[in-house]
Each structure stands twice: as C-alpha cells, then as structure tokens.
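Q: give me coordinates for this.
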Amino acid sequence: DMVCYLYVAALNEDSFYRRNQPVRIDDFLCDSQESTTIKKEFLRQAGALRFVNQTDVLLYELEGRYLYVMLELIGQGQGQITDMKVDLQGDNFMDTFPEIYRERGGFFHRYMSVFSSIYNDFQKDIDNLPQILDLDTCPSRFLPVYGRWLGIDVGDNFLDEEILRPLVKEAYQLNRMKGTK
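A: Residues are numbered from 1 along each chain as shown. Just a heads-up that it's a prediction; the model follows:
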C-alpha cells in the first residue's frame, strides 16, 4: 500500500549558491530541516528523472560527475528499501553490433541494455558461487542442504549453526571412517 518515488539527477557540480552562499548539494539534500518539497524542486530544476514504483531503471539520459538519488515513500504503514544498487557495468553486447546500431540512448541501445543488465546480474551470482559453496563462508540456511548432500539429515534445523557448520565440514571424513558394509 505504498508508492515509491525515485528521483535521480546527475550534475557536474557538487555545490550551488543559495542566498549568495555556497552550499554543498549533499548537505542540502541530507538536511532534515529542509522540506521535501524544496528538495524535489531542486532536483526537478537540475533535470532529475522521476520513476514511480520501479525496481530497475536505466539512466542513460543522465550525464554528470555526481549522481544524486532521492527516494520518497508515500502511504500507510512502514516501508523498507533493500538491495539498492547503482551499477555502471556498461553494455556487454553493444560492441558486438555494427556501428550503425551503437547509437547511445536510442531504442536499440535501451532494448539491449535490458539483456545486458540481466547478464550482469547473472555474472554477479556466478562470481559469488565460491563464497556460497565454501562451508566456512556460506549462509547458515545452506548448511542443512550441504549436510543432506553428504548424508547427514538434520531435519527441522534442531542444531545450532555453531554445531552444524563443523559437523557438515567433517561429514566427509566421518563417512570415510564409517566405511561401508
């Protein structure tokens, strides 16, 4: 029951003049004494893009050295924003096409950027596989699965992580010592 407004602006300057005084944009946007309306108007005049309830946005129209992001949640209850990322991976696929298709910000570029974004997400997951598969660093929710792979059924998570992690790490050696009939 909430609406999330995302305002994003890119500027080459990190400050502006207000009442003939230089003000850092970071300080202005983070100032709790300033009203949200004034901040939104500042971003609008700075050429900010506005998105409503979007989970993934492309910012190719923006150019500038500094990126400013403002989130506004409106509605009843409490809201939570997690896993927010700003990524500058580039386009993996655009260099594989002839020069005529490489127009930045054109329809084809935006269309291929969707696939490039998906590819980059997959690549991050693949890059994290060694950490997930390492018994010393994997999240505790994977330990029962790894235990089942090694022949240990821990059922309803009745063991604490401090006991389960060493047990799963030693499962292979324990099974070797046990032997077969």
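
Q: secondary structure class of Cys4, three-state.
A: On the three-state scheme (DSSP: H, G, I helix; E, B strand; the rest coil), Cys4 is labelled strand.

Q: quick one: low-confidence ranges for this structure?
A: Within the chain, the ranges that satisfy pLDDT under 70 run 89-90, 156-157, 179-181.

Q: which one's the longest helix in it?
A: Criterion DSSP state H: the longest helix present in the chain is helix 107-127.

Q: quick one: contacts of whichever helix or strand comes after that helix?
A: Toward the C-terminal end, the helix or strand that comes next after helix 107-127 (DSSP states H and E) is helix 129-133. The list of residues contacting helix 129-133 from outside it, by CB atoms under 8 Å, 6 or more residues apart in numbering, reads 137-139, 142. Just so you know, the C-beta spots here come from the backbone N, C-alpha and C atoms, and that holds for glycine as well.

Q: may I have helix 129-133 exported as CSV, CA atoms only?
A: Output of helix 129-133 as CSV, limited to C-alpha atoms (Å, rounded to 0.1, in the frame of the first residue of the first chain):
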residue,chain,number,x,y,z
LEU,A,129,29.4,-19.1,-6.1
PRO,A,130,32.7,-19.9,-4.4
GLN,A,131,31.6,-18.0,-1.3
ILE,A,132,28.3,-19.7,-1.2
LEU,A,133,29.8,-23.2,-1.7
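
Q: show me what the following helix or strand past it is packed against.
A: For helix 129-133, the following helix or strand on the C-terminal side (DSSP H and E) is helix 143-149. Applying 3 or more CB pairs under 8 Å, 6 or more residues apart in numbering; DSSP states H and E, we find helix 143-149 packed against helix 161-178.

Q: in the helix it packs on, what counts as buried?
A: Of the residues in helix 161-178, those buried under the neighbour-count criterion (16 or more other CB atoms under 10 Å) are 164-165, 167-168, 171.

Q: quick one: it to chain centroid distance?
A: Relative to its chain's centre, helix 161-178 lies at 35 Å (CA atoms, centre = their mean, to the nearest Å).
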